[in-house]
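A.B. asks: okay, predicted coordinates and the sequence, questions at the end:
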Amino acid sequence: MPRVLLFLLTVSLLASAAGGQPPAPVPDYRPVAGWPQLPPGLALGPVSAVATDASDRVYVAHRGPRPVLVFARDGTFLRSWGDDHLHTPHGLRVDPAGNVWVTDIGHHLVMKFDPAGKLLLTLGQKGKAGAGAGQFDRPTDVAVAPGGEFYVTDGYGNARVLKYDPTGKLLKEWGKKGTGEGEFNLPHAVCLDAKGQVYVGDRENNRVQVFDADGRFVAQWRASGAPYGLFRAGDRLFVADGRANWVRVLGPDGQPLGRFGEKGAAAGQFLMPHMLCVDSRGDVYVAEITNKRVQKFTARAADAPADRWLGQKVLARAAGAVLTDAAPDGRPVTIPVRHIVYTVVGEDGDRVRVNYPGQEGWGRKPEWVRLADATDHFTQRVRADPRDAFAWSRRGVANRYAGKPDLALKDLEEAVRLAPRDADLVGIRGMMWWANKNLDRAAADYTEAVRLDPGYAVGFRNRGLVWHAKGEFDRAVADYTEAARVAPHYAPAHHDRAATWRAKGEPAKARDDLAEAVRRDGRYAAAMADLARLLATCTTDRLRDGKRAVDVAARANELTGGKDASVLDALAAAHAEVGGFDRAVEYQTKALADPAFEKDHGAKARDRLKLYRQMRPWRE
């Protein structure tokens, strides 16, 4: 997980804070994996702004369909609006009353909405830029005082700040283009502190200017870098430095306290961080233009406990476990746990958000056990109750992940002996036969499992893997197809069927299945990597799409934190296809630094690296 956190102060500078006491250290801000959960079928355009309301609901402005998206704090999608009013949203803020303010640089407007998207107030002349009364020229941001007065930075075409009363009546304006006090070169962001002072991000002058409520100059802070976005949280000013590609944290008098992030597309990195905000719990949200995303960062102090679940593999502690989530219309839904080992992609107090390709939702931590603790947990269970077939089966799974296939098979034999008509246990025993390289016994168990439960999609999918391994591709396709039919959510069926289509020499069908797997699960990094690799390297010219390959592989790399060698390999191929050979060499070299990848794929990967150094793409 890439992180950059630099502490920049000397002891004497720290001591200059208010009261002579040094400010608290800047926390270790860590990105929250998989935040937010986008509604099905929606891809973000450039994300220009993010803001939270008093309940920590998160409003995100992006340049695409459904331009304002609203999420719960945990990333659950709640609603969207704005298509009827917004052209090119730029700034977005939520005022103390819960109203949502948006500046639109395409329409030259400042608009106020209620939380559901009902338009309440419009300032400016739609589609007409100007510097006169009632006009803007690409206004950039808005800040609302507790009493309802508000300030607008009119930045791209004009270099000024305007102050209005709560009804939208202009009270005053100040500023002109220049480098002096009270002059601006693209006032890009504005926010207020508890005293009512006005902070203006003077972007191209690389400074923040501070004014009183009437526009009188107070100070300028040069430690801001290029202030694309500003947010005041207590006595700290958070600055999105869109040129340096990190977030700076400044103290009460503008002194630098620290920064986090670095240039890049992986989680925790930035490409043009544009606007940002901090919620009531201290978590930071950053909107990015170039990476087309919004990231959430959890503030973790240096002495915080390390007992974290994020990114770990987990198993349900008991049969019949369920997940909870929200439907696209916001209604709560309950989802039966259908798989064995999930990955934690979100953490919120005593809850974890878990994902298996095609299924995702929230569960309570006491109902789950981390894979690292599973062997001990389920061993205690079988000792306490030797007839607990579920515990025997899950200890077998833990042993399998621990590299002990013989012990895993013994545990599953006992589980099936205790519950011979449980399709799930019979199917898991088939997995253990597979791990022990006995394909015939694996196929027999999968066949028995789907006989016991014709809706057991995992059994059909896994039997398809056996047929593929045996070279019986038509039987494999038939089983993958049945798995997808009985469980429409089941993305791995499409992913694996794609591999069989490729083996049969049908790359177009493989591409379509990979795209479907990604559509069904927007976190399915393995499917994304395979799709990108196909789009970049296919020998069928009409199927190659280098730009799409780069986008898909970059998303997979973000999801895996830049640490998955297979994803890096796909990203290298994608960059080579669009002529980015320097990037291709960089990513292929990183992939080869992974010992497991080098062991399994080193010879071919080094051949690809040689091609990239010769400025030649790879064809599979």
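C.D. replies: All right, it came through fine. Residues are numbered from 1 along each chain as shown.

A.B. asks: so where is the chain shaky, pLDDT-wise?
C.D. replies: 1-25, 300-307, 328-330 (pLDDT under 70).

A.B. asks: got the domain ranges for it?
C.D. replies: As assigned by automatic domain parsing, the chain contains the domains 5-300, 305-418, 524-620.

A.B. asks: chain center to the shortest one: distance?
C.D. replies: Computed by Cα atoms, centre = their mean, to the nearest Å, the separation of domain 524-620 from the middle of its chain amounts to 21 Å.

A.B. asks: quick check: R281 touching D74?
C.D. replies: No: the criterion here is Cβ atoms under 8 Å, and R281 misses it with D74 at 11.7 Å. C-betas here are computed from N, CA, C, even on glycine.

A.B. asks: among these two, which residue is more densely surrounded?
C.D. replies: Taking other Cβ atoms under 10 Å, R281 and D74 do not tie; D74 has more neighbours (21 against 11).

A.B. asks: go ahead and confirm that one touches G349.
C.D. replies: No: assessed by Cβ under 8 Å, D74 is found out of contact with G349, at 9.4 Å.

A.B. asks: residues in contact with the lengthiest helix in the chain?
C.D. replies: The longest helix of the chain (DSSP state H) is helix 595-613. Helix 595-613 is contacted by residues 565-566, 569, 572-573, 576, 581, 584-585, 588-589, 591-592, 617-618 when judged by Cβ atoms under 8 Å, 6 or more residues apart in numbering.

A.B. asks: by contact count, what packs against the helix or strand harbouring D479?
C.D. replies: For D479, the element it lies in under DSSP states H and E is helix 473-486. Judged by 3 or more Cβ pairs under 8 Å, 6 or more residues apart in numbering; DSSP states H and E, helix 473-486 is in contact with helix 457-469, helix 491-503.

A.B. asks: mind giving me the packing neighbours of the last one?
C.D. replies: What that stands for is helix 491-503. Partner elements for helix 491-503 (3+ Cβ pairs under 8 Å, 6+ apart): helix 457-469, helix 473-486, helix 507-520, helix 525-537.

A.B. asks: got the CA coordinates for that helix in CSV?
C.D. replies: In CSV, the C-alpha atoms belonging to helix 491-503 read as follows (Å, rounded to 0.1, in the frame of the first residue of the first chain):
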residue,chain,number,x,y,z
ALA,A,491,-18.4,-13.8,-11.8
PRO,A,492,-15.7,-16.6,-11.7
ALA,A,493,-17.9,-18.8,-14.0
HIS,A,494,-17.4,-16.1,-16.7
HIS,A,495,-13.7,-15.6,-15.9
ASP,A,496,-13.0,-19.3,-16.2
ARG,A,497,-15.1,-19.8,-19.3
ALA,A,498,-13.0,-17.1,-20.9
ALA,A,499,-9.9,-19.2,-20.4
THR,A,500,-11.6,-22.1,-22.1
TRP,A,501,-12.7,-19.9,-25.0
ARG,A,502,-9.1,-18.9,-25.5
ALA,A,503,-7.9,-22.5,-25.4
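
A.B. asks: would you mark the buried spots in it?
C.D. replies: Residues of helix 491-503 classed as buried by neighbour count (16 or more other Cβ atoms under 10 Å): 491-502.

A.B. asks: list just the nearest of those to K118.
C.D. replies: Relative to K118, the closest of those is A491; by Cβ to Cβ it sits at 37.4 Å.

A.B. asks: please give me every residue in contact with that closest one.
C.D. replies: Contact analysis of A491 by Cβ under 8 Å, 6+ apart lists 357-358, 516-518, 520-521, 524, 527.

A.B. asks: looking at these, spot the one nearest V110.
C.D. replies: Using Cβ to Cβ, the contacts of A491 come closest to V110 at V518, 37.9 Å.

A.B. asks: tell me the contacts of the closest one?
C.D. replies: Residues near V518 by Cβ under 8 Å, 6+ apart: 491, 524, 527-528, 531, 552.

A.B. asks: if you set the cut-off to 6 Å instead, what comes out?
C.D. replies: Residues near V518 by Cβ atoms under 6 Å, 6 or more residues apart in numbering: 524, 527-528.

A.B. asks: R222 too?
C.D. replies: Counting by Cβ under 6 Å, 6+ apart, R222 touches R207.

A.B. asks: and it, backbone torsions?
C.D. replies: Here is the backbone geometry of R222 (degrees, to the nearest 10): phi -90, psi -10.
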